[in-house]
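A.B. asks: got a structure for you, letters missing:
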């Protein structure tokens with residue numbers, strides 16, 4: 001497990017508004033304007049949140065006209081599910097304490 005990368009992801013997800021954004025994006029690709037309609041903050045605040053999520057490789061941005069469209073990064077989803085399973089595993093054979101890394 002890459003602890004630095006996992007920590008960055010968890011920090012990005014620890015902020016409640018970003019966690020809600022990820023939840024919204026679990027339904028599919030959304031325009032920034034559609035995401036913004038679910039919050040009581042400004043477009044620059046949304047841009048900041050999206051930048052944090054993008055830098056953590058959680059979301060992918062596609063520019064269409066004047067708006068950005070966001071979707072969850074499928075590779076991130078698969079990797080994060082694996083990391084969570086590993087992190088919370090009670091399987092003694094794969095336990096971190098049995099490795100020297």
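C.D. replies: That came through fine. Owing to the predicted nature of the structure, the values given are computational and were not obtained by experimental measurement. Residues are numbered from 1 along each chain as shown.
A.B. asks: what are the contacting residues of whichever helix or strand residue 48 is part of?
C.D. replies: Taking DSSP states H and E as the criterion, residue 48 maps to helix 43-55. Contacts to helix 43-55, defined as C-beta atoms under 8 Å, 6 or more residues apart in numbering, come from residues 8, 12, 15, 17-18, 21-22, 32, 35-36, 39, 59-61, 68, 70. For the C-beta atoms, the positions are set from N, CA and C on the backbone; glycine is no exception.
A.B. asks: ok, now with 6 Å
C.D. replies: 12, 17, 18, 36, 59, 61 (C-beta atoms under 6 Å, 6 or more residues apart in numbering).
A.B. asks: again, but for stretch 57-70
C.D. replies: By C-beta under 6 Å, 6+ apart, stretch 57-70 touches 29, 30, 31, 32, 53, 54, 71, 73, 76.
A.B. asks: swap the cut-off to 10 Å and go again
C.D. replies: Residues from elsewhere that reach stretch 57-70 (C-beta atoms under 10 Å, 6 or more residues apart in numbering): 5, 8-9, 12-13, 18, 21-22, 24-25, 29-35, 46-47, 49-54, 71-77, 79-80.
A.B. asks: could you find the closest non-adjacent residue to residue 80?
C.D. replies: Excluding its sequence neighbours, the residue lying closest to residue 80 (C-beta to C-beta, 6 or more residues apart in numbering) is residue 9, at 6.5 Å.
A.B. asks: those helices in this protein, which residues are they?
C.D. replies: Using DSSP state H, the helices of the chain run over residues 3-13, 16-25, 32-36, 43-55, 74-87.
A.B. asks: check which helices and strands the last one sits against.
C.D. replies: Pointing back at helix 74-87 there. helix 3-13, strand 59-64 (3 or more C-beta pairs under 10 Å, 6 or more residues apart in numbering; DSSP states H and E).
A.B. asks: which of the contacts of helix 43-55 lies closest to residue 89?
C.D. replies: residue 12 (22.9 Å; C-beta to C-beta).
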